[in-house]
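J.: can you look at this prediction? I've put the sequence above it.
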Amino acid sequence: MNHKLKWDNVEFSCKIINEVANIPIYVMNKEGKLVLEFTSDKSYNPLYPSKEGFLNHVSKSDKTELIPKIHRTDWLENFVVIPLTDDDEFYGNIILGPTVFPQSTRSSLQELIESNGIKKSQRAMMEYLQSLRMGSSWKLIHTSMLLFYIIYNKKLDFKEIIKKNYFTDGDKVLQEGISDKSIAEIRENSTFHQDPIHEKKIYQYITDGNTEEISLYWKAFHQNTDFKFGKLAKTSELRNQKNQKIAAITLATRAAIDGGLHSEVAYTLGDIYIQEIELLQNIKDLENFIEHVIYDFTQRVDKNRNMKYSKIVRDCQNYIFKHIYEDLTLTKLANHVSVNPKYLSNLFKKEVDISITNYIQKVKIDEAKKLMSFSNYSLLEIHALLNFTDQSYFTKVFKKHTGLTPKQYRNRKIGD
């Protein structure tokens, strides 16, 4: 190394940071040899033959860009790797970690070990995982930023680190085109417990349709020590994680509705996403999936706000979706959006190209079709649930919008 980057400066900086932050720090040279070690813990992942082999596996990263690299293993170990370069020449890596957050229970660690197919050395693996220092990824990244500044005298932007590590030109959100699914049960049982303190910022970004901030915030803070997720299953860590993700989807659905996304769309998406959650079989896939879900809801809110309909009409539509099981009238809708009924009627017809009465009928019939397909309600119960005045009027409106009577429609669905 030349005078700009000296081993004794690196050694002093790592020693100080280790003492202040109490995070293990290792320095590897460009040949992959462990040359400096600042930790009282001599253990390492027992799946590897040596500590050097373990650290070399962790530090495999792009050496061309001078920025801390975040690495999380299948064993929930968190690392940050800082490349040591000078005039574009690579000299080695500084490795901070491992840390883990949150601290897993013995039963959840046992499940993690078994789910990864570990037959031998289960005891050694359990002891190693239990020995990992607890610390949030938030603290680990900021510690790496401080060490980077000491060594290179260069300030880093936290958001830029997250962006460089997690987002590439190839990243894609889940594709659109979700199949239709009954949401009647969700609407009728919509109460869900939520923590209004620790998660409100994430869900505010969804409500605002803020696609730029939501991904960065989710990546950066979903493991922050300020976020304390409850244990939603006692016997299975995978089940616990699924329950937490289902809770997140439920909250995201509501946030998207608050942001103007149609209840019909939001609840249907939420229902499908929850079903997809149940098909996943490892925690890493769950983490990746929920990120896409959160982003997708936020993006849909953003797109919805750029649609041609005015806020009055969108608010009117949302009210109809939310109160589809109630008696809906032009006067009630006008009062909700605080405008004159005649003005609302003309504005709605102009923008949506259908009268409010026909629109309400169409939404109610769409809901009736779902109830026929996905519930055991009788036709008499369905027309009563949706507030049609009588059975004959329900049949008349249903046939107007579908070309079939309710009985014909249900029989056809049974035949299918």
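T.: Perfect, thanks for sending it. Numbers count the residues shown, from 1 in each chain.
J.: tell me the spacing between K30 and E89.
T.: 9 Å (C-beta to C-beta, to the nearest Å). Any C-beta I mention is one placed from the backbone N, CA and C, and that applies to glycine too.
J.: more crowded one of the two?
T.: K30 (14 against 11; other C-beta atoms under 10 Å).
J.: correct me, but that one touches P83?
T.: No. Assessed by C-beta atoms under 8 Å, K30 is found out of contact with P83, at 10.0 Å.
J.: overlap in contacts, the two.
T.: In terms of C-beta atoms under 8 Å, 6 or more residues apart in numbering, K30 and P83 are both contacted by the residues F90, G92.
J.: how many neighbours does L279 have?
T.: 8.
J.: show me what contacts it?
T.: Here L279 is in contact with no residue (C-beta under 8 Å, 6+ apart).
J.: distance check, it against S136.
T.: 29 Å.
J.: so where's the stretch 151-300 of the chain shaky on pLDDT?
T.: For the stretch 151-300 of the chain, the stretches flagged by pLDDT under 70 are 159, 163, 166-199, 215-236, 264.
J.: can you give me the helices for it?
T.: Taking DSSP state H, counting those that start in this stretch to define them, one finds helices in the stretch 151-300 of the chain at 158-166, 184-188, 200-208, 211-221, 237-258, 263-279, 283-305.
J.: I'd like the ones you listed as a markdown table, with distance to I23 appended.
T.: Listed next are the helices of the stretch 151-300 of the chain as a markdown table, based on distance: least, C-beta to C-beta, whole Å:
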| stretch | distance to I23 |
| --- | --- |
| helix 158-166 | 16 |
| helix 184-188 | 44 |
| helix 200-208 | 26 |
| helix 211-221 | 18 |
| helix 237-258 | 25 |
| helix 263-279 | 33 |
| helix 283-305 | 22 |
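J.: can you give me the strands for this structure?
T.: Counting by DSSP state E, the chain has strands at residues 25-29, 34-38, 69-72, 78-86, 89-100, 133-134.
J.: out of those strands, the one nearest K245 is which?
T.: For K245, the closest of these is strand 69-72, at 16.9 Å, according to C-beta to C-beta.
J.: which other helices and strands contact that closest one?
T.: Using 3 or more C-beta pairs under 8 Å, 6 or more residues apart in numbering; DSSP states H and E, the elements in contact with strand 69-72 are strand 78-86, helix 137-152, helix 158-166.
J.: then that strand to CSV, C-alphas only?
T.: The C-alpha trace of strand 69-72 is given here as CSV (Å, rounded to 0.1, in the frame of the first residue of the first chain):
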residue,chain,number,x,y,z
LYS,A,69,-21.6,-4.2,1.1
ILE,A,70,-24.4,-5.7,3.2
HIS,A,71,-24.6,-9.4,3.5
ARG,A,72,-27.2,-11.6,5.2
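J.: neighbouring strands of that strand in the sheet, and parallel or not?
T.: Strand pairing for strand 69-72, determined by DSSP bridges: strand 78-86 (antiparallel).
J.: which ones are touching the nearest residue to D302 once chain neighbours are set aside?
T.: Nearest residue to D302, sequence neighbours excluded (C-beta to C-beta, 6 or more residues apart in numbering): G209, at 3.5 Å. By C-beta under 8 Å, 6+ apart, the residues touching G209 are G259, G260, T298, Q299, V301, D302, K303, N304, R305.
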